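>>> Show me how the following folds:
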Amino acid sequence: MELDNEIRRHIYTIPPLVRSAYGDIQSDCRSTVEKFSNRAIRQVILTGCGYSYAACLAARDYIQARTHLPVTVLPTIEVARFSDLSGVSLSHTLLIAISNSGMVSRVNEALAVYEKHGAITLGITTTKTAQIAQYCRYLLLVRIPPMEKPLPLRGYALTELALMSLGDALALERGTTTPCEIDRAGEQMLHSMEELEASLPAIDRVVRDYALRCGEFEAFEFIGSGYERGPAFLGKIEMMGQAGVMATDEDAEQW
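From the prediction side, this is the model:
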């Protein structure tokens, strides 16, 4: 039995999309980080909503390992409304806020609050003229080639790539890695995309068989820690948003 839909077709495009975008995104991230290279960053905060938040969760450990900086992922409402900023200097804090549309009010509010308190504010979006550009000091554009139906998965993949590339660029500026190490990591990533592309038909068959067996399930749990925390959150919002089925996510320790 063949199961075909827009989500499946988008998934098959992700490995070649990441391979084609890798060089440009790495270059753009290095150029962006150079703009605030004179600021001594002591901590990084990542924030976004939905798929962007999932990308933050997935990239956190990579950025932390590369840069040796503390990296925190927070929901945008926590950043915008519940940060205790009284008497605190944010001049050494880098806030990276993501909104592919550039129109998410809570993301823009978070940037505005931290910009007001002197933080280094970086917005990631797909449109240079989006509202987000008014609220951040620096802007990183991630271009997502359109398909027949707009879905968030391709944006998620390139946002994840952009966050990892920012981690590489920050690490180079801080001297916690070398260009040769970045090049080797890039080669490994591109090779992993080739392996994923070759494996997708087999993965597709396994997932199809599983979906046919659990089609009547009323709810799902997605569990992951570390690098897998983001995919667990992504699985939840995909299941709820695309399949219309109740789902939750949790880290392995809490579960």
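>>> Just the pLDDT at the residue nearest the centre of the chain, thanks.
Among the residues of the chain, the one closest to the centroid is Ala55, at 2.5 Å (Cα atoms, centre = their mean). On the pLDDT scale, Ala55 is placed at 96.
>>> CA atoms of the helix or strand where it lies as CSV?
Using DSSP states H and E, Ala55 sits in helix 51-67. This file holds the C-alpha atoms of helix 51-67, laid out as CSV (Å, rounded to 0.1, in the frame of the first residue of the first chain):
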residue,chain,number,x,y,z
TYR,A,51,9.2,24.6,14.4
SER,A,52,11.7,27.3,15.2
TYR,A,53,11.6,26.3,18.9
ALA,A,54,12.2,22.7,17.9
ALA,A,55,15.3,23.8,15.9
CYS,A,56,16.6,25.7,18.9
LEU,A,57,16.2,22.6,21.1
ALA,A,58,18.0,20.4,18.5
ALA,A,59,20.9,22.9,18.0
ARG,A,60,21.6,23.8,21.6
ASP,A,61,24.1,21.1,22.5
TYR,A,62,26.0,21.5,19.2
ILE,A,63,26.4,25.3,19.8
GLN,A,64,27.4,24.8,23.4
ALA,A,65,30.0,22.1,22.5
ARG,A,66,31.5,24.2,19.7
THR,A,67,31.6,27.5,21.5
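>>> Quick check: buried residues in the next helix or strand after it?
Following helix 51-67 in sequence order, the next helix or strand is strand 71-75 (DSSP H and E). Neighbour counts using 16 or more other Cβ atoms under 10 Å place 71, 73-75 of strand 71-75 among the buried residues. C-beta here means a position set from N, CA and C on the backbone, and glycine is covered the same way.
>>> still on that earlier bit, for the residue nearest to the centre of the chain, give its distance to Pro145.
18 Å (Cβ to Cβ, to the nearest Å).
>>> Can you give me the buried ones in the helix holding Ala55?
Quick answer for helix 51-67 (16+ other Cβ under 10 Å): 51-63, 66-67.
>>> and it, what other elements does it pack with?
strand 43-48, strand 71-75, strand 93-98, helix 152-174, helix 229-238 (3 or more Cβ pairs under 8 Å, 6 or more residues apart in numbering; DSSP states H and E).
>>> Run the chain-centre distance for the helix or strand that the longest one is followed by.
By that I understand helix 152-174. Toward the C-terminus, helix 152-174 is succeeded by helix 179-213 as the next helix or strand (DSSP H and E). Put simply, helix 179-213 sits 17 Å off its chain's centre (Cα atoms, centre = their mean, to the nearest Å).
>>> And helix 179-213, what does it pack against?
Against helix 179-213 (3+ Cβ pairs under 8 Å, 6+ apart) you get helix 6-34, helix 152-174.
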